[in-house]
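> what's the 3D shape of this:
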Amino acid sequence: MTVTLAGMGGGTAATMTEELRRAMERAQLIVGAQRLLDALPRGLAADTAAAVAPGEILRLLKASDCEEALVLYSGDSGFYSGARGLLALLQEEHIPARVLPGLSSVQLLAARLGRPWQDWTLCTAHGVDCDPVAEVCAAGGPVCFLTGGTGGNAADLCRRLTEAGLGELPVTVGENLSYPEERLTTGTAAGLAKETFPSLALLLTEAVKRPRRAPGIPDGEFIRGKTPMTKQEVRCAVLSKLALRPGDVCWDVGAGTGSVSVEMALFARKVYAVERDADACHLIEQNRAAFGAWNLNLVQGTAPEALSGLPAPDAVFVGGSGGELEAILRAAVAANPSVRLCVSAIALETLDAARHAFEELGIDWEATQISVARSRAAGRLHLMMAQNPVFLLSGGGA
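Alright, predicted model coming up:
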């Protein structure tokens, strides 16, 4: 037996490739979702069987005595397709297989809009857990979502974007592409969150505008109030010690003005800023909006209790602990034993408490002292004015 795994395009005859049509004519057995089987051209001699799960398809293939089998997938066989799972099973069974591409829904949407799609970030929310806010913030350009399933409908994704503060983000939904009932709807995330869309839909979000720069935003660009703030040079060192990566989930405990949280959010995937002071929380919300750090989530409460239920962190910065430093670090390590940790300290007592906490948790640590002096004009002269020295204790990680 030889098995052909083929993308059927948009599911209508007009979007099928000639290569696929020839494979249909040769096949003695055609397997796929019932929706795809219903769209087959008339007059084919092949037997058909409805199945979508790779294991079920493999069972049907092994039970058949045909020489040429065809397995159909919607769109393109290489784009979030079940072909990947079936290919692995066929290889295990030493069953020869080949793959034929098809027109993807992304190509159809781009063509309908008359624009290229090579700068789009492609992801799926179809039956999987997808965070649209993190995706659009990380992309730096348009993002195209396959939609469908619980919580993954186009309107659901627009609602989540709106709740995060991205209600004015321009979006387009393409539904039932290539079918007679095809429709394109353009508006804002807030507007389309109120609409109803079918499962066969794509959501295209335009680029989120926010700073793209190396760490170390000038202090004066933050809204500060009377809340203490981690200074520019220290923030650079903190992000370096934490070795942040684009896919990281971060905690900033004792977030203050949110300056470290914002820097994290402009680089990492998702950030949770934990702060108990109401005035500081207001500043965090203002700075979040000012820098477009929509993937920054404010958690108002006292740590370690406020940390309960947060997603496991890859990196944690503790800028304020309220005397609960060891409990905070213990909660972070309990959530992820390989978490990367950094604690800032101005007082020697805090430094000693951090050292003790690291040792109690069995984590190797490194201490760094940062002493910064900044120039200040004094008439025609410029004097170097010392800032408070800061200690950073860091450790953890795989």
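> Quick check: pLDDT value at Arg213.
Looking at Arg213, its pLDDT is 79.
> And the pLDDT for the closest residue to it other than its chain neighbours?
Of all residues not flanking Arg213 in the chain, Leu266 sits nearest, at 7.6 Å (C-beta to C-beta, 6 or more residues apart in numbering). The way it works is simple: take the backbone N, C-alpha and C, and place the C-beta from them, glycine included. According to the prediction, Leu266 has pLDDT 94.
> For Leu266, give me the backbone phi and psi.
Per-residue torsions, Leu266: phi -80, psi -10 (degrees, to the nearest 10).
> which stretches of this protein form helices?
Ranges of helices in the chain, per DSSP state H, are 18-26, 34-37, 54-63, 83-92, 105-113, 132-139, 154-161, 189-192, 232-242, 259-265, 278-290, 325-335, 348-360.
> average pLDDT for the second one?
It refers to helix 34-37. 91.
> what's the spacing between that helix and its chain's center?
32 Å (C-alpha atoms, centre = their mean, to the nearest Å).
> got it, and the fourth one?
Helix 83-92 has its C-alpha centroid displaced from the chain centroid by 27 Å (C-alpha atoms, centre = their mean).
> on that earlier part again, ok, the residue nearest to Arg213 - contacts?
Arg210, Pro211, Arg212, Arg213, Phe291, Ala293 (C-beta atoms under 8 Å, 6 or more residues apart in numbering).
> Can you tell me which of these are buried?
Neighbour counting by 16 or more other C-beta atoms under 10 Å classes Arg210, Phe291, Ala293 among the contacts of Leu266 as buried.
> Report pLDDT for the last one.
We have a pLDDT of 95 for Ala293.
> Quick check: closest non-adjacent residue to it.
Ala265 is the one closest to Ala293 (C-beta to C-beta, 6+ apart), at 3.8 Å.
> With the first one instead?
Distances taken as C-beta to C-beta, 6+ apart put Gly292 closest to Arg210, at 3.0 Å, once the chain neighbours are dropped.
> Out of the buried ones among the contacts of Leu266, which sit inside strands?
Among the buried ones among the contacts of Leu266, no member is found in strands (DSSP state E).
> of all those residues, which comes closest to Ala353?
For the buried ones among the contacts of Leu266, the closest approach to Ala353 (C-beta to C-beta) belongs to Ala293, at 29.8 Å.
> Next, find the distance separating that closest one from Asp252.
From Ala293 across to Asp252, the span is 11 Å (C-beta to C-beta, to the nearest Å).
> Could you give me the buried positions within stretch 375-390?
For stretch 375-390, by 16+ other C-beta under 10 Å, it's Val390.
> nope, stretch 1-20 is what I meant
For stretch 1-20, by 16+ other C-beta under 10 Å, it's 1, 3-11, 15-17, 20.
> try stretch 243-254
Going by 16+ other C-beta under 10 Å, stretch 243-254 has these buried residues: Leu244, Asp248, Val249, Cys250, Trp251, Asp252, Val253, Gly254.
> Tabulate those (JSON lines), appending distance to Ala63 and pLDDT.
Putting the buried residues of stretch 243-254 into JSON lines (distance: C-beta to C-beta, whole Å; pLDDT from 0 to 100) gives the following:
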{"residue": "Leu244", "distance to Ala63": "52", "pLDDT": "94"}
{"residue": "Asp248", "distance to Ala63": "47", "pLDDT": "96"}
{"residue": "Val249", "distance to Ala63": "45", "pLDDT": "97"}
{"residue": "Cys250", "distance to Ala63": "51", "pLDDT": "98"}
{"residue": "Trp251", "distance to Ala63": "52", "pLDDT": "98"}
{"residue": "Asp252", "distance to Ala63": "57", "pLDDT": "98"}
{"residue": "Val253", "distance to Ala63": "58", "pLDDT": "97"}
{"residue": "Gly254", "distance to Ala63": "62", "pLDDT": "95"}
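> Which neighbouring residues are in contact with the residue nearest to Arg210, exactly?
Contacts of Gly292 (C-beta under 8 Å, 6+ apart): Cys137, Val208, Lys209, Arg210, Pro211.
> coming back round to it: list just the nearest of the buried ones among the contacts of Leu266 to Gly114.
When the buried ones among the contacts of Leu266 are compared against Gly114 (criterion: C-beta to C-beta), the nearest one is Arg210, at 27.2 Å.
> got a pLDDT number for the closest one?
85.
> and Thr188, what does it touch?
By C-beta under 8 Å, 6+ apart, the neighbours of Thr188 are Gly167, Glu168, Leu169, Pro170, Val171.
> Of these, which is the most crowded?
Neighbour counts for the contacts of Thr188 peak at Val171, which has 27 neighbours (criterion: other C-beta atoms under 10 Å).
> That one and Val262, how far apart?
25 Å.
> isn't Pro142 right up against Glu206?
Yes. Pro142 sits in contact with Glu206 when judged by C-beta atoms under 8 Å, with a separation of 5.5 Å.
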